[in-house]
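**Q** turn this into a structure:
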Amino acid sequence: CHSPLACSHGSSVSARVSTRFATLHLLVAMAPKAMKAMKAMKAVKSISKSGLAEALAKATELKKSDCMKVFTALAAVVATEIKKTGKVTLPGMAMIKTRLKP
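**A** Below you'll find the model as predicted:
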């Protein structure tokens, strides 16, 4: 439909407006449910770097300071690799990729 008043197949502007209004009304009706679901989800706090280092130290019998050094070195290696290739995989844990926002 390229005409502002009527489509080539005979439907009028009022039919298109009412269809758009019905769709908009449906989306507005769904919004409170989505908001309620989001309010039900509580923010989960992620483990800190020192907490992760402490857990790793307990599991491996290394010093916590050594584990912190490992995490710092790992962060540097990952940052370098991301800048170079845009992608890095931590085997068995995660794959990190860069993306361009449109």
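**Q** separation between A94 and V78?
**A** As judged by Cβ to Cβ, to the nearest Å, A94 and V78 stand 10 Å apart. Where C-beta positions appear, they are placed from N, C-alpha and C, glycine not excepted.
**Q** would you mind telling me which of the two has the busier surroundings?
**A** V78 (15 against 9; other Cβ atoms under 10 Å).
**Q** so that one touches K87, yeah?
**A** No. V78 lies out of contact with K87 (Cβ atoms under 8 Å); the separation is 10.5 Å.
**Q** looking at the chain, which helix or strand is least sure?
**A** In the chain, the helix or strand scored least confidently by mean pLDDT, DSSP states H and E is helix 13-40, which has a mean of 52.
**Q** output the contacting helices and strands for the helix or strand that it is followed by.
**A** For helix 13-40, the succeeding helix or strand toward the C-terminus, using DSSP states H and E, is helix 49-60. Helix 49-60 is packed against helix 64-85, with contacts defined by 3 or more Cβ pairs under 8 Å, 6 or more residues apart in numbering; DSSP states H and E.
**Q** next, the angle helix 49-60 makes with the helix it packs on.
**A** Comparing the axes of helix 64-85 and helix 49-60 via axes from the mean of the first three to the mean of the last three Cα atoms, to 10 degrees yields an angle of 110 degrees.
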